[in-house]
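The following block contains a protein sequence and its predicted model.
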Amino acid sequence: MIGTTEDREIVDWEKTTENGRTAYVIEYSEPVPEPTGRSKTLFGAGSGGTVPAGEQYFEMPDGERIPATEAAFDADGTTLRVRRERSVIDRLRRYLPW
């Protein structure tokens, strides 16, 4: 589950829609850092090996999985805002001829 640890747990959360895209506002019991890349608990050796970038995801409190390539974050104290945005690759495909 995104942002949880042995000491930090989810206190409350809300799922909303912003500009037609899914967004979550998650409140934790302790300050939460903004995710900055691959979490050892989500990806890599802790899960039995490496996971291809296209298969990495963040699991939200309601069980929805947001692909890591589509997740954008804003952290402020104990609150983490997670937005689902089109991936950089999807945005580039719109402009490139291939």
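Alright, I've got the coordinates. All values reported here derive from a predicted model rather than from experimental measurement.

Show me what the helix or strand containing Trp13 is packed up against.
Counting by DSSP states H and E, the element that carries Trp13 is strand 10-18. Under the contact criterion of 3 or more C-beta pairs under 8 Å, 6 or more residues apart in numbering; DSSP states H and E, strand 10-18 touches strand 21-28. Glycine gets a C-beta too; all of them are placed from N, C-alpha and C.

buried set for the strand it packs on?
Applying a neighbour-count criterion of 16 or more other C-beta atoms under 10 Å, one finds 22-24, 26, 28 buried in strand 21-28.

Tell me the first helix or strand C-terminal of that strand.
strand 57-59.

for that next one, what is the average pLDDT?
Strand 57-59 shows a mean pLDDT of 88.

Outside of that strand itself, list whatever touches it.
Under the contact criterion C-beta atoms under 8 Å, 6 or more residues apart in numbering, strand 57-59 has outside partners 1-2, 35, 42, 65-68, 71, 82.

10 Å instead?
By C-beta atoms under 10 Å, 6 or more residues apart in numbering, the residues outside strand 57-59 that reach it are 1-4, 24, 35, 39, 42-43, 51, 64-71, 73, 82, 84.

any idea of the angle the strand holding Trp13 forms with strand 21-28?
160 degrees (axes from the mean of the first three to the mean of the last three C-alpha atoms, to 10 degrees).

Buried residues, strand 10-18. List them.
10, 13.

just to revisit the earlier point, a markdown table for the buried residues of strand 21-28, including distance to Asp12?
A markdown table is the format used below for those (distance: C-beta to C-beta, whole Å):
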| residue | distance to Asp12 |
| --- | --- |
| Thr22 | 18 |
| Ala23 | 15 |
| Tyr24 | 11 |
| Ile26 | 8 |
| Tyr28 | 9 |
